[in-house]
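Engineer: Here's a sequence, model it:
(one chain, ligands or ions: 1)
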Amino acid sequence: MTRSTTQAVGRVNPKMKVAVIGTGYVGLVTGAVLAEVGHDVVCVDRDQSKLDKIDNGVSPIYEAGLNEVLSDVVSTGRLVTTTSIEESLKGCEVLFIAVGTPSGPDGQPDMSQVKSVAAEIGKHVYGPLIVVNKSTVPIGSADVVKSWIVEAGANADTISMVSNPEFLREGSAVKDTQQPSRIVIGASDEASADKMKELYDSFDCPVLVTDVASAELIKYASNCFLATKISFINAMSHLCELTGANVDSIAEGMGLDDRIGPKFLGAGLGWGGSCFPKDVDALIQISESLGADPGLLREVKGINQAQTSRFIDRLRDELGGFEGKKVGLFGLAFKPNTDDIRDAKSIQIFKAVTREGGSVLAHDPAAGDYAKADHPELPQTDIPLEVARDADAVVLVTEWKQYNDIDFSEMADLMKGDVVFDGRRHWDKAAVEAAGLRYFTIGGGTGD
Ligand code: UDX
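Structural biologist: Presented below is the predicted three-dimensional model:
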């Protein structure tokens, strides 16, 4: 079946009544796309200001294509909102828990939001209900969540727990949900597995039905494997810098082996965002708690940290220290096409420069508001090239397409110094050097 990027899939028949608790990236996109295929969806969030936006067909998060889907499903009444879990349970057949599970101080996922949702469900549920964990939760959580629901008053026989992890990427979350690579359903009984298959009937992709623990582990395994792939190429990037080899050629040469594949071999400042850091930490912690050796994942995490530190060290060396130096940052988001700055390398660089007496000016096409809220002390500009004004060095942190057409001569005129650090191998070394600037990047092959 061929589909456009803004349209999901065929319509379902029969439609189901679905509740989605939490309107973050995962919950809102899941709810919107399930409504798009024809289900009746209630989205629940305790933040009324978010719901007001959704009710107007406007997404509270920056995500390509989401406004279009939302305005369609809200105007046709297939997606409604409420702050009340009790309200959402009326007639509900399938309830998704999609609230945050941030890393706690020990790396263990913080389940407090899931726990309070479970208590609300337990208090108010009155019919048979499939409760789906969409949040990334520790292996074995389905039983724990069910026990919280039952403790709060529900009859255990009426609650079926399912794990149905999401694999969506920020920036392409709508498309990833409309056209998933696979749907994984971890169910403890056949009836709820069948009901979940029915829910996703109109999606054209492989559906894997398995046990709950396997589904929970598939999510961690997938994200940790992708993080491993990136850390692997980043380890190669260091060797490239030391040997004169070119990491792009290494990635290309490896990726042509279809057992390896070319994706997620982009060397750069390392991985960040809301999932990889949290999930790698969680699987390390889970492994330790079960007596398994998390050595591989510790190394994957260590390489990621070292990758950014090495870059900052090189920048400091080139500037002869950060004291009194001004550094312009192109990009704040942890990757392009998102406004998310969670575990973004921009913040790490900002902190290192300012801690050592330097200053920073940053630009980002989308993440400015979040950055201002979390780091009000981080100076920003709305005009990309302004970051170069009087700067001793500029750093490309996020490879936004808006930075493809930077006029390097204009940049050189604005700068005080001549140091350009490209953290994503995104700019053309020859073009930067033609403007009289010095170009440095990760992964060698450029003669620097
Ligand atoms: C990821 C997974 O891809 C997704 O399946 C899961 O559901 C959530 O976590 P996301 O965090 O949105 O999605 O971003 P992704 O595009 O995977 O990038 C993650 C990080 O890896 C970013 O910091 C990105 O810059 C970095 N990255 C990615 C690289 O450094 N090199 C690459 O080749 C790819």
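
Engineer: And residue 233, how close does it get to residue 252?
Structural biologist: As judged by C-beta to C-beta, to the nearest Å, residue 233 and residue 252 stand 11 Å apart. In this view, the C-beta of every residue, glycine as well, is placed from N, C-alpha and C.

Engineer: more crowded one of those two?
Structural biologist: Taking other C-beta atoms under 10 Å, residue 233 and residue 252 do not tie; residue 233 has more neighbours (23 against 12).

Engineer: Please verify my assumption that the more buried one contacts residue 250.
Structural biologist: Yes: Residue 233 is within contact range of residue 250, at 7.2 Å (criterion: C-beta atoms under 8 Å).

Engineer: ok, the residue in the stretch 301-448 of the chain that the ligand sits nearest to - contacts?
Structural biologist: Closest residue of the stretch 301-448 of the chain to the ligand, C-beta to the nearest ligand atom: residue 335 (3.9 Å). By C-beta atoms under 8 Å, 6 or more residues apart in numbering, the contact list for residue 335 reads 170-171, 272-273, 398-399.

Engineer: let's go with 7 Å and repeat that
Structural biologist: For residue 335, the contacting residues are 171, 273, 398, by C-beta atoms under 7 Å, 6 or more residues apart in numbering.

Engineer: Helix, strand, or coil at the last one?
Structural biologist: Put plainly, it is residue 398. Three-state call for residue 398 (DSSP: H, G, I helix; E, B strand; the rest coil): coil.

Engineer: so how far is residue 394 from the residue nearest to it when sequence neighbours are not counted?
Structural biologist: Residue nearest to residue 398 in three dimensions, not counting chain neighbours: residue 331, with 2.6 Å by C-beta to C-beta, 6 or more residues apart in numbering. To residue 394, residue 331 is 11 Å away according to C-beta to C-beta.

Engineer: hmm, back to that, kindly identify which of the contacts of residue 335 also come near the ligand.
Structural biologist: residue 273 (C-beta under 6 Å from any ligand atom).

Engineer: Among the contacts of residue 335, which one sits closest to residue 109?
Structural biologist: Using C-beta to C-beta, residue 273 is the member of those that lies nearest residue 109, at 15.6 Å.

Engineer: Checking the closest one next. Helix, strand or coil?
Structural biologist: Following three-state DSSP, residue 273 is assigned to coil.

Engineer: just residue 421 next, same as before
Structural biologist: Three-state call for residue 421 (three-state DSSP): strand.

Engineer: wait, what's in contact with the residue lying closest to residue 305 once chain neighbours are set aside?
Structural biologist: Leaving aside its chain neighbours, residue 305 sits nearest to residue 270 (7.5 Å; criterion: C-beta to C-beta, 6+ apart). Residue 270 makes contact with 234, 304, 307-308, 345, according to C-beta under 7 Å, 6+ apart.

Engineer: Look up which helix or strand residue 270 falls in, please.
Structural biologist: Take DSSP states H and E as the rule and residue 270 turns out to sit in neither a helix nor a strand.

Engineer: ok, it to residue 231 distance?
Structural biologist: The gap separating residue 270 from residue 231 is 8 Å, by C-beta to C-beta.

Engineer: my guess is residue 186 is in a helix, correct?
Structural biologist: No: counting by three-state DSSP, residue 186 falls outside a helix, being strand.

Engineer: longest single helix anywhere in this protein?
Structural biologist: The longest helix of the chain (DSSP state H) is helix 212-243.

Engineer: which element follows that helix toward the C-terminus?
Structural biologist: Later in the chain than helix 212-243, the nearest helix or strand by DSSP H and E is helix 247-255.

Engineer: Residue 34 contacts residue 41, doesn't it?
Structural biologist: Yes: at 5.3 Å, residue 34 and residue 41 qualify as touching, with contact defined as C-beta atoms under 7 Å.

Engineer: Which parts of the stretch 101-250 of the chain are strands?
Structural biologist: In the stretch 101-250 of the chain, the segments counted as strands under DSSP state E, counting those that start in this stretch are 129-133, 159-163, 183-187, 207-210.

Engineer: quick one: pLDDT of the nearest residue to residue 274 once chain neighbours are set aside?
Structural biologist: Nearest non-adjacent residue to residue 274, counting by C-beta to C-beta, 6+ apart: residue 342, 4.6 Å away. What the model reports as pLDDT for residue 342 is 94.

Engineer: Pull the contacting residues for residue 136.
Structural biologist: Neighbours of residue 136 in contact, by C-beta under 7 Å, 6+ apart: 101, 109, 165, 219, 279.

Engineer: Name the member of these with the most neighbours.
Structural biologist: Neighbour counts for those (other C-beta under 10 Å) peak at residue 219, which has 26 neighbours.

Engineer: Skipping adjacent residues, who's closest to that one in space?
Structural biologist: Nearest residue to residue 219, sequence neighbours excluded (C-beta to C-beta, 6+ apart): residue 165, at 3.5 Å.

Engineer: now do residue 307
Structural biologist: Once flanking residues are discounted, residue 307 sits nearest to residue 270: 4.1 Å by C-beta to C-beta, 6+ apart.

Engineer: same check, this time on residue 46
Structural biologist: Once flanking residues are discounted, residue 46 sits nearest to residue 83: 5.7 Å by C-beta to C-beta, 6+ apart.

Engineer: Could you pull up the residues touching that neighbour?
Structural biologist: Per C-beta under 7 Å, 6+ apart, neighbours of residue 83: 44-46, 48, 51.

Engineer: Return a ChimeraX selection command for the buried portion of the residues you listed.
Structural biologist: Burial among the contacts of residue 83 is assessed by 16 or more other C-beta atoms under 10 Å; the matching ChimeraX selection reads:
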select :44,45,46,51
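
Engineer: What about the contacts of residue 83, which are in strands?
Structural biologist: residue 44 (DSSP state E).

Engineer: which intervals of the stretch 301-448 of the chain have sub-threshold pLDDT?
Structural biologist: Applying pLDDT under 70 to the stretch 301-448 of the chain picks out residues 446-448.

Engineer: switch the cut-off to 80
Structural biologist: In the predicted model of the stretch 301-448 of the chain, residues 445-448 satisfy pLDDT under 80.
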